[in-house]
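Undergrad: Give me the fold of what follows.
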Amino acid sequence: MEFQIEKKDDHTLIRVLEEKLDTHIAPNLKSELVLISGNGEKNIVLDLSNVRYCDSSGLSAILVANRLCKNANGTFVLCGLNEAVERLITISQLDTVLNITETYEDALALIRSEE
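TA: Okay, here's the model as predicted:
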């Protein structure tokens, strides 16, 4: 299984279980995100603590999640970034656009403060 999805009261948590968020996983992740958003979920936490590598298709999936949440007047939070993934996001200047927290607990606090 590539990711684990947990529906919570006020958000959906998606944990990527693979070490690489790349062209093999990103299309499936995008599909899941569209389904989750289509079911009325507006707050999504994407936990990348297992991910060691991310490519442009992975970044694209992250941006899809961010856009879907914004369009639903919700909050998208990225958490658990390792150094390489965080560097890629910073180089891409996405750190200015995305909500990024170190831990899942911090992500929850952010979602609740936005409500």
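
Undergrad: C-alpha from now on. contacts and neighbour counts both.
TA: Will do.

Undergrad: how about Ala107, secondary structure?
TA: Look at Ala107: counting by DSSP: H, G, I helix; E, B strand; the rest coil, its state is helix.

Undergrad: measure it to Lys42 for me?
TA: 14 Å (Cα to Cα, to the nearest Å).

Undergrad: So those two - more neighbours on which side?
TA: Neighbour totals were compared for Ala107 and Lys42, and Ala107 leads with 24 against 21 (other Cα atoms under 10 Å).

Undergrad: Would you confirm that that one contacts Ser113?
TA: No: counting by Cα atoms under 8 Å, Ala107 does not reach Ser113; the two are 9.9 Å apart.

Undergrad: for the most centrally placed residue in the chain, what are its contacts?
TA: For the chain, the residue nearest the mean C-alpha position is Leu46 (2.9 Å; Cα atoms, centre = their mean). Leu46 makes contact with Leu13, Ile14, Arg15, Val16, Phe76, Val77, Leu78, Cys79 under the criterion Cα atoms under 8 Å, 6 or more residues apart in numbering.

Undergrad: That one pairs with what?
TA: Ile14, Leu78 (DSSP bridges).

Undergrad: any idea how far it lies from Gly80?
TA: According to Cα to Cα, Leu46 and Gly80 sit 9 Å apart.

Undergrad: by contact count, what packs against the lengthiest helix in the chain?
TA: Counting residues, the longest helix found in the chain (DSSP state H) is helix 56-71. On a contact count with 3 or more Cα pairs under 8 Å, 6 or more residues apart in numbering; DSSP states H and E, helix 56-71 meets helix 26-38, strand 76-79.

Undergrad: Pick the most deeply packed of these.
TA: strand 76-79 (a mean of 23; mean count of other Cα atoms under 10 Å).

Undergrad: who's in contact with the next helix or strand after that strand?
TA: Using DSSP states H and E, the helix or strand that follows strand 76-79 in sequence is helix 83-91. With contacts defined as Cα under 8 Å, 6+ apart, helix 83-91 is touched by Val51, Arg52, Tyr53, Cys54, Leu59, Asp95.
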